[in-house]
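> Predicted model and sequence follow; I will ask about them next.
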Amino acid sequence: MRDKFPWYFFEKDDYEAAWSDGILTVDANVILDLYRYNQSTREALLAALESFKGRFWISNQTAKEFIKNRRVVINDSRNDFDKAKKPIDDLEKALSTAVESIRACRVIPKELSTSLEEKIRDACQAIRGGIDEERTKVPDYDKEDEIVRRLEVALAGCIGAEPDDLAGLLKEAEKRKNDKIPPGYMDDAKDGVGFAGDFLMWSQILSHGKEKGTPIILVTSETKEDWWEKKSGRTLNPRLELLHEAFQETGKKILIYHTDQFLRLHQERTDGKSDETVLEEIREYSLAREPAVSVRQEVDASGTTSNRGRLRISIARPVKNFTGTGRIEPNFLRPPAVAAKLIDSPLEAPDVRIRANTGTTFNFNIHVHSNEQGKMLPVGDYLLEYEASCGPEDQNSGEELVEE
């Protein structure tokens with residue numbers, strides 16, 4: 001089997017060859033995240049990238065996306081400090097209301113409510129001071145950008161050239177998007193040619209790997225299913241199509257890691273142990289970037305008056321309720337009636353309430369709510385069967401079906 005599927009099976013020598021002699025490359029968000037992390041995490045990741053100097057290479061597409069988004073990320077990171085203060089402001093507003101309610105109870109001594117108010121306001125002030133102190137530790141990237149300076153040294157002579165046939169690559173990206181060939185088809189909602197970004201990077205990485213004839217380590221911040229095999233909301237491994245295509249194009253195996261996986265392995269190889277505090281921060285950013293809900297539609301039958309199939313809805317973190325949106329293609333002449341029922345869910349999921357509706361001729365929504373007080377819908381895949389129709393007997397309102 002190994003001789004038939006060499007791109008799938010990895011031996012110890014394969015890992016050693018990639019880490020010791022292979023090319024290291026990253027997507028744009030891996031290096032943009034350096035502006036988002038705190039100092040210790042930023043330094044740990046930068047040092048790991050720098051250790052591959054001479055073998056650290058990025059595609060032209062990655063470099064362009066870094067340049068395009070750098071200022072935006074820096075500005076957003078600065079704004080995070082103000083965002084952190086808003087919940088404190090909200091707490092103090094709620095505190096005032098709570099204190100007044102306590103004081104309205106005449107049997108309660110005023111000293112108790114006053115003490116409560118003073119302690120919480122003191123705590124809020126201390127937290128504000130801590131946030132301001134952390135703000136002072138963030139480098140002033142307008143005056144001196146150490147991240148750019150160190151990346152320029154680590155990447156000297158190792159940034160890919162603009163592809164010769166960009167128009168042809170964009171056509172190929174469009175075709176792959178329509179055929180749902182990874183990577184990048186999950187970006188079809190991006191403006192302009194943004195949907196092609198992942199494929200452009202991928203094709204440039206494979207071209208460089210073929211030219212150099214060495215294994216590749218790709219570090220990505222991507223979490224979507226056009227990069228990773230997922231089951232019940234959990235990531236299993238890189239998409240097998242990517243591993244296969246990389247081997248076909250370059251003759252070498254490719255290792256694909258999330259940022260935290262790469263850094264953990266690097267730390268274990270160099271220091272013998274990993275820094276869990278640093279890795280946890282990276283995971284938190286990765287989780288925040290991943291959409292809480294992702295939807296995949298499977299159509300069994302479609303026409304101008306009927307559309308029938310399933311929505312497979314994956315949720316990445318526990319929620320009280322979620323909504324999945326399906327498309328109606330071809331579009332109906334008027335908004336249809338929609339019925340839906342749940343046919344599969346995680347084993348630990350509570351009873352749910354389903355509601356399906358639409359007010360348009362081109363899409364519909366299915367709403368799933370936990371039917372048990374205080375019980376969340378767990379991470380995993382929810383498979384819902386739906387039917388949208390606008391026959392003469394139908395009304396333009398959704399039906400509700402309650403299923404387990």
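All right, it came through fine. Numbers count the residues shown, from 1 in each chain.

> in stretch 85-103, what counts as buried?
V99 (16 or more other C-beta atoms under 10 Å). Just so you know, the C-beta spots here come from the backbone N, C-alpha and C atoms, and that holds for glycine as well.

> go on, stretch 300-316?
Applying 16+ other C-beta under 10 Å to stretch 300-316 flags 306-307, 309-311, 313-316 as buried.

> how about those in CSV, adding distance to E268?
As requested, the buried residues of stretch 300-316 are exported to CSV (distance: C-beta to C-beta, whole Å):
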residue, distance to E268
S306, 56
N307, 51
G309, 46
R310, 42
L311, 41
I313, 36
S314, 31
I315, 32
A316, 27
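
> Tell me the one among these nearest to I127.
A316 (28.7 Å; C-beta to C-beta).

> That closest one is in contact with S286, isn't it?
No. Counting by C-beta atoms under 8 Å, A316 does not reach S286; the two are 10.3 Å apart.

> where's the helix or strand bottoming out on mean pLDDT in the chain relative to the chain centroid, distance-wise?
Least confident helix or strand of the chain, by mean pLDDT, DSSP states H and E, is strand 228-231 with a mean of 82. A distance of 13 Å separates the centroid of the chain from that of strand 228-231, by C-alpha atoms, centre = their mean, to the nearest Å.

> Direction included, what does that strand pair against?
Note on strand 228-231: by DSSP bridges, its sheet partners are strand 234-238 (antiparallel).

> Can you read off the pLDDT for F81?
On pLDDT, F81 comes in at 80.

> That one - how many residues pack around it?
For F81, the neighbour count with other C-beta atoms under 10 Å is 13.

> and it, helix, strand or coil?
Counting by DSSP: H, G, I helix; E, B strand; the rest coil, the backbone at F81 sits in helix.

> correct me, but it touches G130?
No. In this structure, F81 is not within contact of G130 by C-beta under 8 Å, at 10.7 Å.

> Can you check which residues contact both of A316 and S286?
T223 (C-beta atoms under 8 Å, 6 or more residues apart in numbering).

> before we move on, back to that, name the residues that touch the least confident helix or strand of the chain?
222, 235-240, 314, 381.

> E241: what's it in contact with?
Contacts of E241 by C-beta under 8 Å, 6+ apart are 181-182.

> Which secondary structure element is home to it?
E241 belongs to helix 240-250 when assigned by DSSP states H and E.

> buried set for that helix?
Buried residues in helix 240-250 (16+ other C-beta under 10 Å): 242-243, 245-247, 249-250.

> Tell me where the stretch 101-250 of the chain has helices.
110-137, 146-154, 166-178, 197-212, 240-250 (DSSP state H, counting those that start in this stretch).

> Could you list the low-confidence segments of the stretch 251-400 of the chain?
Filtered on pLDDT under 70, the stretch 251-400 of the chain yields the residue ranges 289-291, 391-400.

> re earlier: out of the helices of the stretch 101-250 of the chain, deepest packed?
helix 197-212 (a mean of 21; mean count of other C-beta atoms under 10 Å).

> Next, the angle from that helix to helix 166-178.
Interaxial angle of helix 197-212 relative to helix 166-178 (axes from the mean of the first three to the mean of the last three C-alpha atoms, to 10 degrees): 120 degrees.

> returning to what we had before: which one of the buried residues of helix 240-250 is nearest L49?
Nearest member of those to L49, counting by C-beta to C-beta, is A246, at 20.9 Å.

> Mind exporting the C-alpha coordinates of the helix or strand containing R296 to PDB?
Using DSSP H and E, R296 sits in strand 293-302. Extracted in PDB, the C-alpha atoms of strand 293-302 (Å, rounded to 0.1, in the frame of the first residue of the first chain):
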ATOM      1  CA  VAL A 293     -20.900  27.900  12.000                       C
ATOM      2  CA  SER A 294     -20.000  26.500   8.600                       C
ATOM      3  CA  VAL A 295     -22.600  25.100   6.200                       C
ATOM      4  CA  ARG A 296     -22.300  22.700   3.300                       C
ATOM      5  CA  GLN A 297     -25.400  22.100   1.100                       C
ATOM      6  CA  GLU A 298     -26.200  18.800  -0.700                       C
ATOM      7  CA  VAL A 299     -28.900  19.100  -3.300                       C
ATOM      8  CA  ASP A 300     -31.000  16.100  -4.300                       C
ATOM      9  CA  ALA A 301     -33.400  17.800  -6.700                       C
ATOM     10  CA  SER A 302     -33.900  21.400  -7.900                       C
END
